[in-house]
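Student: below are the sequence and a predicted model for it; my questions follow.
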Amino acid sequence: MPFSSKPTEPIRQLLAGIRAFRARYYDRRPENMRQLVTEGQHPEVLLIGCSDSRVDPALLTMAEPGELFVVRNVANLVPPYQPDGSYHGTSAAIEYAVKSLKVSEIIVLGHAQCGGIQGLIRLRSGQKAEDDFVSPWVSIAASALDPYVGPEGSEQEKFDAERLQHTPAIIERAAVRASVENLMTFPFVRERVEAGTLHIHGWWFDLENGEMWAIHPETRMFQPVE
């Protein structure tokens, strides 16, 4: 039997949080939750974030229930459009958000000190993968490294990747750009972007000082959000 009969301290804390949530949204403001139940969800924003415990999108944005449709994965990556019948959780969430919920905004939210991106850099420095799922997954963003490292398999590639381990923010932001580009490979996303009914944003959160950076729509460079 895999289930524990006695709650541990982390579980007790989470249950206390659920009771506080219920008191805040069901006891004091029942009309909001009642509306979400009877009318369903109608978020305007799809946010693609990282699974990292330090960058919860709802906490960062102070969003209320029903405001964000969120999909989180290792390194906040968007794979390219690939309707091959396999399991594609992130792509399924994108399709549902755009086609069914008809969101008008998509945000790809990266962050500093991302373990997934650090793992990607280590792979390019020649370190052997010791996992079954993470390394193949983060390889989605391999193109983000290409402008910053030498040819694949070269000593220059290894040297450049080792150097980038000390400045991973460069690749974290480049990976956000790569995910934004991959979003445009989804026909239903591109169609709506070109029609002006859907807007895509690339964000990067500086975990050390709490600043949010965003891709400027004209320069395509990241800059701090005022």
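Tutor: The structure has been received and is ready for your questions. What you see is a predicted model; the values in this text were computed from it and never measured.
Student: what distance separates the worst-scoring helix or strand of the chain on mean pLDDT from the centre of its chain?
Tutor: Ranked by mean pLDDT, DSSP states H and E, the weakest helix or strand in the chain is helix 155-164, scoring a mean of 91. Distance of helix 155-164 from its chain centroid, counting by CA atoms, centre = their mean, to the nearest Å, is 26 Å.
Student: and that helix, what other elements does it pack with?
Tutor: The helices and strands touching helix 155-164, judged by 3 or more CB pairs under 8 Å, 6 or more residues apart in numbering; DSSP states H and E, are helix 115-124. Just so you know, the C-beta spots here come from the backbone N, C-alpha and C atoms, and that holds for glycine as well.
Student: quick one: the least confident helix or strand of the chain to helix 115-124, angle?
Tutor: 150 degrees (axes from the mean of the first three to the mean of the last three CA atoms, to 10 degrees).
Student: buried ones in helix 155-164, by neighbour count?
Tutor: For helix 155-164, burial by neighbour count (16 or more other CB atoms under 10 Å) applies to 157-158, 160-162, 164.
Student: look up phi and psi at the residue nearest the centre of the chain.
Tutor: Centroid-nearest residue in the chain, with CA atoms, centre = their mean: Gly49, separated by 2.0 Å. Note on Gly49: its backbone torsions stand at phi -120, psi 180 [degrees, to the nearest 10].
Student: quick one: residues contacting it.
Tutor: Taking CB atoms under 8 Å, 6 or more residues apart in numbering, we find Gly49 in contact with 55-57, 70-72, 76, 109.
Student: out of these, who's the most crowded?
Tutor: Counting by other CB atoms under 10 Å, Asn76 has the largest number of neighbours within those, with 31 neighbours.
Student: name the SS class of the closest residue to Lys99 other than its chain neighbours, please.
Tutor: The shortest distance from Lys99 to any non-neighbouring residue, by CB to CB, 6 or more residues apart in numbering, is to Phe188 (5.9 Å). State at Phe188, reduced to three classes by DSSP: H, G, I helix; E, B strand; the rest coil: helix.
Student: hang on, the earlier thing: can you redo the contacts of Gly49 as TSV with distance to Ser5, pLDDT and secondary structure?
Tutor: Shown next, in TSV, are the contacts of Gly49 (distance: CB to CB, whole Å; pLDDT from 0 to 100; DSSP: H, G, I helix; E, B strand; the rest coil):
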residue	distance to Ser5	pLDDT	secondary structure
Val55	33	98	coil
Asp56	29	98	coil
Pro57	33	98	helix
Val70	32	98	strand
Val71	33	98	strand
Arg72	30	98	strand
Asn76	36	98	helix
Leu109	38	98	strand
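Student: sec struct for the nearest residue to His201 once chain neighbours are set aside, please.
Tutor: Counting by CB to CB, 6+ apart, Ile107 is the residue found nearest to His201 once chain neighbours are left out, at 4.7 Å. Following three-state DSSP, Ile107 is assigned to strand.
Student: and Ile107, how far from Met212?
Tutor: Using CB to CB, to the nearest Å, Ile107 is found at 10 Å from Met212.
Student: quickly list what's touching both of those two.
Tutor: Common neighbours of Ile107 and Met212 (CB under 8 Å, 6+ apart) are Trp203.
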